[in-house]
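Here's my sequence, what's the structure:
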Amino acid sequence: MKNALLALCALSFVHMASAQKVVFEEYTLDNGLHVILHQDTSAPVIITSVMYHVGTKNENPNRTGFAHFFEHLLFEGTKNIGRGQWMKIVSGNGGINNANTSVDRTYYYEVFPSNNLELGLWMEAERMLHPVINQIGVDTQKEVVKEEKRLTVDNQPYGNVIKEVKSHLFFKHPYRWDIDGVAEHINAATLEEFQAFNKKFYIPNNAVLVVAGNFESAQAKQWIKKYFEPIKKSVAVENINITEEPITQTIKARFEDPNIQIPGIVAAYRTPSMKTRDARVLELISTLLSDGKSSRLYKKIVDDKKMALQIGAFSLSQEDYGAYVLYGLPLGQNTTESILKEIDEEIVKLQTDLISERDFQKLQNTIENDFVNNNATIDGIAENLATYYLLHGDVNLINTDIEMYRSITREEIRSVAKKYLNPNQRLLLDYVPATEKSKN
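Below you'll find the predicted structure:
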């Protein structure tokens, strides 16, 4: 069985030789479930996946962590799948499965040999139609989620950076809390609250089903109709529509982490929705400044001046607002203040001068390569199809999004840097080792 799973994994990650147009078919069932089909006969593998338009931003501020909790809870079992049997059924049929949650959506998927398409569809329909949400499942997953948080956040050096950034960049929007939420909220929730959350969000008209891989279209449609069409449509989920006031002066914060010895400086900027052109320009800026060892910040601060152990950045690409987060860990006698000064000098250069044609071409090459890699596996294509539909409203962006990146000019890069990356528009977070007093 282990060898079968390894072989399946290898097949599901077959690399495509070059960027090719992703051909797909989409339609909507009467109950509102959107369906996207993508055929690829290069390997005997199929993926069945469902993405629900529910994430941490849909939670009650007094009941945070529900979306991530449900990522785990909906593997507990259904009316026709006994408790603890989900993983056994999948692995027993040569498959693998997983799920992940973000602030905006929750994604479930199975990868099977192509002769198990019906099984994959039936299982996802079971999850949507009648999951069993009872006290024993809730109590079990509470412990699972707590342990996961201890391992990935609480006991992880610098594990609270994202949580601290979000809590200071957002004041009204539910992006202000972390995906894990507050443990006390989950502990205080009743079984009825969990059942109500499921009934409200895990419904066909709040989801997209993607089938990708080696399958026969007519047969897939028959099974989709058989298993998903009987699921009743429910009340439409209201969109989150919360506007944050612009940040007009530097926000200063401090966090003490008992798991670190070296202080860090974090500079974070609130950025626009992932759906905007400006967000794509900021991706180019992020790549130029901080993507890899050849980036401007790494080469200058780590390689040339040897001022930092580490310098880097990441973008939180989100449906309503995003964030661009830069961080640095000083080396030797250098300070976080000196590292911030070097970072700011590079940002000012971007705001003042056009980047060179050579750097611009390098950026374009990197973006092209990333675009190809994002669609280089059946797994990646399936998730991208779901994401472009659910969060962008346009499935064909899987083919055309690259054109927007190609159309970005050097002048736009300078203009967008001026618009978003100013000292009075950011959070400065001193991320420092905990003192003995605070540890106690």
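
Which parts of the stretch 51-200 of the chain are strands?
Using DSSP state E, counting those that start in this stretch, the strands assigned to the stretch 51-200 of the chain run over residues 96-101, 106-113.

Mind checking the pLDDT average for the longest one?
For strand 106-113, the mean per-residue pLDDT is 98.

Buried residues of it, list them for me.
106, 107, 108, 109, 110, 111, 112, 113 (16 or more other CB atoms under 10 Å). C-beta: built from backbone N, CA, C; applies to glycine.

Quick check: nearest residue in space to the first one, chain neighbours excluded?
Spatial nearest neighbour of residue 106, chain neighbours left out: residue 52 (4.8 Å); criterion: CB to CB, 6 or more residues apart in numbering.

Do you know the pLDDT at the one you found?
pLDDT at residue 52 comes out at 98.

Count the neighbours of it for me.
27 (other CB atoms under 10 Å).

what residues are up against the residue nearest the centre of the chain?
Geometric centre of the chain, nearest residue: residue 102, 4.9 Å, by CA atoms, centre = their mean. Taking CB atoms under 8 Å, 6 or more residues apart in numbering, we find residue 102 in contact with 55, 56, 179, 318.

isn't the third one right up against residue 67?
The reference is to residue 179. Yes. Assessed by CB atoms under 8 Å, residue 179 is found in contact with residue 67 at 7.3 Å.

Mutual contacts of the two, please.
In contact with both residue 179 and residue 67: 55, 56, 101, using CB under 8 Å, 6+ apart.

the helices in the stretch 201-350 of the chain, which residues?
Secondary structure of the stretch 201-350 of the chain by DSSP state H, counting those that start in this stretch: the helices cover 217-228, 277-290, 296-297, 336-352.

Turn those helices into JSON lines, columns for mean neighbour count.
Converted to JSON lines, the helices of the stretch 201-350 of the chain look like this (neighbours: other CB atoms under 10 Å):
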{"stretch": "helix 217-228", "mean neighbour count": "15"}
{"stretch": "helix 277-290", "mean neighbour count": "21"}
{"stretch": "helix 296-297", "mean neighbour count": "20"}
{"stretch": "helix 336-352", "mean neighbour count": "17"}
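
so what's the nearest residue to residue 107 once chain neighbours are set aside bridging to?
Excluding the flanking residues, the one nearest residue 107 by CB to CB, 6+ apart is residue 51, at 4.7 Å. In this entry, residue 51 is beta-bridged to residue 107, residue 208, by DSSP bridges.

residues near the closest residue to residue 54 other than its chain neighbours, how many?
Of all residues not flanking residue 54 in the chain, residue 201 sits nearest, at 3.9 Å (CB to CB, 6+ apart). For residue 201, the count of nearby residues is 21 (other CB under 10 Å).

wait, doesn't residue 201 sit right on residue 235?
No. Contact status for residue 201 versus residue 235: not in contact, 10.6 Å apart, counting by CB under 8 Å.

What's the separation between residue 113 and residue 95?
7 Å (CB to CB, to the nearest Å).

Residue 317 now?
Taken as CB to CB, the span from residue 317 to residue 95 is 29 Å.

One more: residue 112?
From residue 112 to residue 95 the distance is 4 Å (CB to CB).

Against residue 226, how distant is residue 346?
58 Å.

Just give the closest residue to residue 343, not the sequence neighbours.
Nearest to residue 343 is residue 326, by CB to CB, 6+ apart, at 5.9 Å.

how close does residue 108 sit to residue 370?
Distance from residue 108 to residue 370, by CB to CB: 25 Å.

Same question for residue 283.
For residue 283, the distance to residue 370 - CB to CB - is 9 Å.

Contacts only, for residue 156.
Going by CB under 8 Å, 6+ apart, residue 156 touches residue 259.

pLDDT score for it?
At residue 156, pLDDT is 93.

before we move on, back to that, quick one, what contacts the residue nearest to residue 54?
By CB under 8 Å, 6+ apart, residue 201 lies in contact with 52, 53, 54, 58, 237.
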